[in-house]
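[1] Output the structure for:
(chains A and B)
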Amino acid sequence: MNKTKGTIVGINGNMISVAFDGNIIQNEVGYAITGEDRLKSEVIKIQGNIAFMQVFEITKGLKIGDNVEFTGEMLSVQLGPGILGMVYDGLQNPLNELAELHGFFLKRGVILDALDFNKKWAFTPTAKKGNTVTGGSILGHVKEGIFEHKIFVPFNYQENFIVKSVVDKDSYKVDHVIATIENDKGDRLALMMYFDWPVKIPITNYREKMVPKEPLVTQTRIIDTFFPVARGGTYCIPGPFGAGKTVLQQVTSRFAEADIVIIAACGERAGEVVETLREFPEITDPRTGKSLMERTIIICNTSSMPVAAREASVYTAATLGEYYRQMGLNVLLLADSTSRWAQAMRELSGRLEEIPGEEAFPAYLESRIAQFYERSGLVELNDGKMGSLTIGGTVSPAGGNFEEPVTQSTLKVVGAFHGLSRDRSNARRYPAIHPLESWSKYKSFNQPKSIDDARKILFKGNEVHQMMLVVGEEGTSVEDYIIYLKSEFLDSVYLQQNSFDSVDGATSPERQKYVFNYVHDVLMTEFSLKEKNEARNFFNKMRQLFIDWNYIDMKDEEFNRQEAVITKLIEENSSDAKGI
Amino acid sequence: MQKVYNKILSVSGNVITVSANDVSYEELAEVTTQRGKSLAQVIKLENDIVSLQVFAGSQGIATNDEVRFLGNPMRVTFSDNMLGRIFNGSGVPRDRGPALTENMIEIAGPSVNPAKRIIPKRMIRTNIPMIDLFNSLVVSQKLPIFSVSGEPYNELLARIALQAEVDMIVLGGIGLKYDQYMYFKNTLEEGGALSRSIFFVHTASDPIVEGLMVPDLCLAVAERFALKGKNVLVLLTDMTNFADALKEIAITMEQVPSNRGYPGDLYSQLAARYEKAVDFDTAGSVTILAATTMPGDDVTHPVPDNTGYITEGQFYLRNGRIEPFGSLSRLKQQVNDKTRDDHRAIMDGLIQLYAQYNETEEKRAMGFRMSEWDKKLLKYGKLFESNMMDLSVNIALEDALDLGWKILAECFTPDETRMKTDLVNKFWPEEAA
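    Residues are numbered from 1 along each chain as shown, chains lettered A, B, ... in the order given. Next comes the predicted model:
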């Protein structure tokens, strides 16, 4: 195909208008050429013979009349073995390799391969000569860390092909031809271990999309017990700045029971990504015994990196997630923050002089957000295996006000809402998920009845608390006061969790079930406390013991000893002689 | 080859347009009017129409004034000779020293590769307990001070500048009142720090557009010094003025405003500056402290709001004190486990009790009877405010921790404080027990 060429006729921030002759595609990639630099750009609007393109780099120094070369391809990522453990920018440029070549700064116009083309992978073929295959069929697999990385027929081939040849079991580079296939028209295709896929097109080579059922354990108590997340589901974490969105995401990325975690740091602080970058290789994943980095992919387009690449970064992350899902793995994608992505759309929309919607966000904001979250899902693959992609996105609402377009559009499409509250974070009650305002449509592994009981106590406790602010403590009955203390107890010992502690930071489902039952029993116990001071002292003491208990490893003998101490204290103060 | 144009097509706000060819984006031009010369920067190109923002403002520009393109983007000199010097928002000396033109560097360069950043681990001690104890300042951190006009934020910045352990200071004033500029100059001079400082000062009486360049100038210079191994503290005051200048240009350029007239890219613009804070693993560092005034004491105003999402925490300055609620150093967890083993517990414990004190104080103000517990809290709150929060308190971190235990012991029994038992055994003051 003849590549189309064009020249720049306008420059406004990161948007250029380009006069072209020939044919171009919406979302096609082109390169604006200035001196030595080739600046990657994407077509986002076409009008007559003018293409409006967003430039993924700083546009400083571009001139009217500079040339633009179109590629004929949509914005794509490379899919193949060697993605796990990588750190990419929003366009899948490997950042570590960039650093080796160019030092401290992100040099403009440098584009590197996402995969290592020199590394050899031990390939085991599973498809045989004469097999019928189509897009998404498995040709064989290589060992990538702890996973069996499937090698697929590229997803875009719709028709049936016959396998004409497959290489023997051996080690190959990713661009080695491992199979040839032929369709009934006699077109022959040579397949390698990698192929490109356009980021804005979802991968749909599966049999059926199912309803998410199984919980995805995060080891954060308030989430798993009260507002669970399901494998293949979606959730969002809106919250004002400083409420702990990113810490919560980091904790989840560390402890969540998913096979693969993709962290999309989208328009946020570089410092936060660095923590993950530097710490993950050092941390051992208790479930695999390997470094956490081996199951992690980081897409890192931080706030000072070019805005257009930020817009692309969430799609890059979703595409990589779908790719690994196709191998029958459970993938968790954490996007932080979707508001920055929405803002990138807003900046662009403004430069295109589109008619703005609410708060100047483009009118298509809502549908774009819905499309993004819809890329999640639990799917039955063509070989009958199940794979899932779970998406959790943080939202950074302006002014912490949830009544803004991004939060509202997101709430319409997600399955769980973990709303962070400024009041709770000010009172250092972490994680600051608001226990009364948040919700989840998914099922917890704890008993629904017990959860409901606990929620009622929280609700009533809050009512009593509000009342006490008006009528004072003396105007409150001892019974009500005890309900208030119970709700505070539940909050302190179960909802709050010290994510910086090695034991309390992650609570296994077993421990959650055990401790939650215990807490539930406490909440249901009638106490023989006669007056408020006595009640407060009792609950203070118990809270103290319980928090100490939370810091003890369940396998430690001390765990049972501490439990006995708490049980004894409860028995002494329970009106039912048996206690619990 | 320098191109000269003599026909200005339009003047609108501080933006002029000329018809010109072979001009590159963000190139500088010099506009010569009867009032003198001013720099201008290309902000939009459309066919042969070039839009430029004029730093000195458009007042007095004649349609036949001369526009000369310089062929390069905004640059600034960089050398050790800059130490102790004061420049304006265009990088021209405003003291009586000689102009510096050697070794010009481009400003607003590319961002640092995240893969080359390191986790900040070094605390900057300031001897202000509300910072050191509760929200430790860390090398390479970017922190704004949120306050309303009239609060002593510049005094606080100056004090931190003098007391913080850094190699050099770069001060960027944007819309700085003249007396505040003199205050910084005199304070640093008296403290003997002027010779390791560089000022870029745009005062309130200078044209507003000129202030737009100040953060980039400061940070470009700071970055270069950091690459040479220096630990640089950059003070920017006041970033709300910077945002207002952005707003003015955006409105003039007829951009669709997003929120209260501010442009949709306010977040990215602010982030591009703040993200220059960095700790280079084989060289020095840049730490940024910025004053951000909140119009109407409203933290949801777009400027403080966007800033809060970018920076690694914030200090609220209210009634002359650093508020414990809302103030946050996101990097404190990186350093406060290496100071003393009670640091975190004291930090959380004191704040939780102070939060309860505030509730009790509200109840008291409404005239409710105070329980025994309430009375303890009231006593605690008073002690905490006077001995710990007051900005005049000037003690080392370890003394502040001891002071925390002392206040607790004066007011409570150990189990009322929710402290972990082993810490109570180790640190609870003997005489009170």
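[2] quick one, what contacts the closest residue in space to residue A:287 that isn't next to it in sequence?
    What sits nearest to residue A:287 in space, not counting adjacent residues and going by C-beta to C-beta, 6 or more residues apart in numbering or on different chains, is residue A:257, at 7.2 Å. All C-beta atoms are positioned from the backbone trio N, CA, C, and that covers glycine. Contact analysis of residue A:257 by C-beta atoms under 8 Å, 6 or more residues apart in numbering or on different chains lists A:216, A:217, A:218, A:219, A:287.
[3] Just say helix, strand or coil for residue A:71.
    Following DSSP: H, G, I helix; E, B strand; the rest coil, residue A:71 is assigned to strand.
[4] Now residue B:121: closest residue in space that isn't a chain neighbour?
    Distances taken as C-beta to C-beta, 6+ apart put residue B:334 closest to residue B:121, at 5.7 Å, once the chain neighbours are dropped.
[5] how much space between the residue in the stretch 351-500 of chain A that chain B sits nearest to and residue B:89?
    At 2.9 Å from chain B, residue A:399 is the closest residue in the stretch 351-500 of chain A, using C-beta to the nearest C-beta. Residue A:399 is 30 Å from residue B:89, where distance means C-beta to C-beta, to the nearest Å.
[6] more crowded one of those two?
    Neighbour totals were compared for residue A:399 and residue B:89, and residue B:89 leads with 29 against 19 (other C-beta atoms under 10 Å in any protein chain shown).
[7] Need phi/psi at the closest residue to chain A within the stretch 151-300 of chain B.
    The minimum distance from the stretch 151-300 of chain B to chain A, using C-beta to the nearest C-beta, falls at residue B:300 (2.9 Å). Main-chain dihedrals, residue B:300, degrees, to the nearest 10: phi -90, psi 0.
[8] Also residue A:443?
    The phi/psi pair for residue A:443 (degrees, to the nearest 10) is phi -100, psi 140.
[9] I figured it was touching residue A:213, is that so?
    Yes: at 7.3 Å, residue A:443 counts as touching residue A:213 under the criterion of C-beta atoms under 8 Å.
[10] Who's the closest spatial neighbour of the residue of the stretch 151-300 of chain B closest to chain A, skipping the chain neighbours?
    Distances taken as C-beta to C-beta, 6+ apart place residue A:399 nearest to residue B:300, at 2.9 Å, with adjacent residues excluded.
[11] Beyond the helix ranked longest in chain B, next helix or strand please.
    What stands out as the longest helix in chain B, according to DSSP state H, is helix B:343-365. Where DSSP states H and E defines the elements, the next helix or strand beyond helix B:343-365 is helix B:372-384.
[12] For residue B:384, give its distance to residue A:426.
    From residue B:384 over to residue A:426 (counting by C-beta to C-beta), the distance is 16 Å.
[13] ditto for residue A:41
    44 Å.
[14] Next: residue B:348.
    From residue B:348 to residue A:426 the distance is 12 Å (C-beta to C-beta).
[15] These two: which is more packed in?
    residue A:426 (20 against 16).
[16] List the contacts of that one.
    Counting by C-beta under 8 Å, 6+ apart, residue A:426 makes contact with B:325, B:326, B:355.
[17] In a markdown table, list these along with neighbour count, pLDDT and distance to residue A:313.
    Formatted as a markdown table, the contacts of residue A:426 follow (neighbours: other C-beta atoms under 10 Å in any protein chain shown; pLDDT from 0 to 100; distance: C-beta to C-beta, whole Å):
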| residue | neighbour count | pLDDT | distance to residue A:313 |
| --- | --- | --- | --- |
| B:325 | 17 | 83 | 34 |
| B:326 | 20 | 81 | 30 |
| B:355 | 19 | 88 | 38 |
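[18] how about the residues you listed in JSON lines, adding distance to chain A?
    As requested, those are exported to JSON lines (distance: C-beta to the nearest C-beta, whole Å):
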{"residue": "B:325", "distance to chain A": "4"}
{"residue": "B:326", "distance to chain A": "6"}
{"residue": "B:355", "distance to chain A": "5"}
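[19] Counting neighbours, what do you get for the residue in the stretch 151-300 of chain A that chain B sits nearest to?
    Closest approach between the stretch 151-300 of chain A and chain B, counting by C-beta to the nearest C-beta: residue A:241, at 3.8 Å. When neighbours are defined as other C-beta under 10 Å, residue A:241 has 27 of them.
[20] For it, which three-state class applies?
    Classified using three-state DSSP, residue A:241 is coil.
[21] My guess is it contacts residue B:312. True?
    No: with contact defined as C-beta under 8 Å, residue A:241 does not count as touching residue B:312 (10.4 Å).
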